[in-house]
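In: here is a sequence together with a model predicted from it:
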Amino acid sequence: MEVATGLEFAPDWNLTLKAWDERGNQSRSAKAEVGLSRDFGMFSVGAGWREEISGEFDEKGWVLMGRASF
């Protein structure tokens, strides 16, 4: 299951919030991510933070994002 939402809070600036649950091989993991990105025409670049909020892993780290819209 995955839930995501985004907000364009200023021209060409986007805030993204995402949460999801992963299951498999007798393990379960819930994660959350927040990211900030900037649009440059058809391209977007950004960075975010991802963290494990429950489960068997201790995942924390920065996420780099790149996107092209056609």
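Out: The structure has been received and is ready for your questions.
In: contact partners for the residue sitting nearest the centre point of the chain?
Out: The structure's the chain has its C-alpha centroid closest to Glu33; by C-alpha atoms, centre = their mean the separation is 4.2 Å. Residues near Glu33 by C-beta atoms under 8 Å, 6 or more residues apart in numbering: Thr16, Leu17, Lys18, Ala19, Gly48, Trp49, Arg50, Glu51, Val63. In short, each C-beta sits where N, CA and C put it, glycine included.
In: what strand or helix carries it?
Out: strand 27-40 (DSSP states H and E).
In: could I get that strand in PDB with only the CA atoms?
Out: Extracted C-alpha coordinates of strand 27-40, given in PDB (Å, rounded to 0.1, in the frame of the first residue of the first chain):
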ATOM      1  CA  SER A  27       9.100  -9.200   7.000                       C
ATOM      2  CA  ARG A  28       7.100  -5.900   7.200                       C
ATOM      3  CA  SER A  29       8.300  -2.400   6.800                       C
ATOM      4  CA  ALA A  30       6.600   1.000   6.900                       C
ATOM      5  CA  LYS A  31       8.400   4.100   5.500                       C
ATOM      6  CA  ALA A  32       7.800   7.800   5.200                       C
ATOM      7  CA  GLU A  33       9.400  10.300   2.800                       C
ATOM      8  CA  VAL A  34       9.300  14.000   2.300                       C
ATOM      9  CA  GLY A  35      10.800  15.800  -0.700                       C
ATOM     10  CA  LEU A  36      11.300  19.300  -2.200                       C
ATOM     11  CA  SER A  37      11.700  19.700  -5.900                       C
ATOM     12  CA  ARG A  38      12.000  22.500  -8.400                       C
ATOM     13  CA  ASP A  39      10.700  22.500 -12.000                       C
ATOM     14  CA  PHE A  40      12.900  23.700 -14.900                       C
END
